[in-house]
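**Q** Structure, please.
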Amino acid sequence: MASVVLSEAEKLYIVHGVQEDLRVDGRGCEDYRCAEVETDVVSNTSGSARAKLGHTDILVGVKAEMGTPKLEKPDEGYLEFFVDCSANATPEFEGRGGEELGTEISNTLYRIFSSESCVDLKSLCINPREHCWVLYVDVLLLECGGNLFDAISIAVKAALFNTSCRAVETSGDFKNENILLIFPTC
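**A** You can find the predicted model right below:
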């Protein structure tokens, strides 16, 4: 990610703000930004959510499709992430400005949500080595006003909690009947 260079006056301003328990927007140093989370906001998805944290606005859609398990984990489904940093979110994203950040956030989400303690990927398996659910998680950054990783992780988590997959019949057996994905805290 790009580094930010601060002048001595800016550094002093930040230090004095911390010492006086005051931020630029009037909040105290330990005060949270106002958070709003709404689910089921996109009708043609398997799950969706919109999260607003301060002036940051994130929209997430999850699409569940059948796929083939990865060779190294034949009894698990998996998640794929795509993050689009809209040019309307902030002027820095105009042109190709948001691509690098989008890739970095996608990679971070993949590392977080591929953890066994975060998502039960085995519940996404339909038939080991043959069929699994693949969850395509699309993140759209609508407005960028700080706390980006926090807002995105809240929106992704809410969209995953909102996600459900259809029942699947395999070889005459009914397996994973109307799956409702339940994710432990990560």
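
**Q** how about the closest residue to Asn88 other than its chain neighbours, what does it touch?
**A** Leaving aside its sequence neighbours, Asn88 sits nearest to Leu142 (Cβ to Cβ, 6 or more residues apart in numbering; 7.1 Å). Where C-beta positions appear, they are placed from N, C-alpha and C, glycine not excepted. Taking Cβ atoms under 8 Å, 6 or more residues apart in numbering as the criterion, Leu142 is in contact with 57-59, 86, 88-89.

**Q** Which one (most neighbours) among these?
**A** Counting neighbours by other Cβ atoms under 10 Å, Ile58 leads those with 28 neighbours.

**Q** Is that one in contact with Ala151, as I believe?
**A** Yes - counting by Cβ atoms under 8 Å, Ala151 is a contact partner of Ile58 at 5.0 Å.

**Q** Would you mind listing the residues touching both of the two?
**A** Shared contacts of Ile58 and Ala151, counting by Cβ under 8 Å, 6+ apart, come down to 51-52.

**Q** that older thread, angles on the backbone of the residue nearest to Asn88, please.
**A** Taking degrees, to the nearest 10, you get phi -90, psi -40 for the backbone angles of Leu142.
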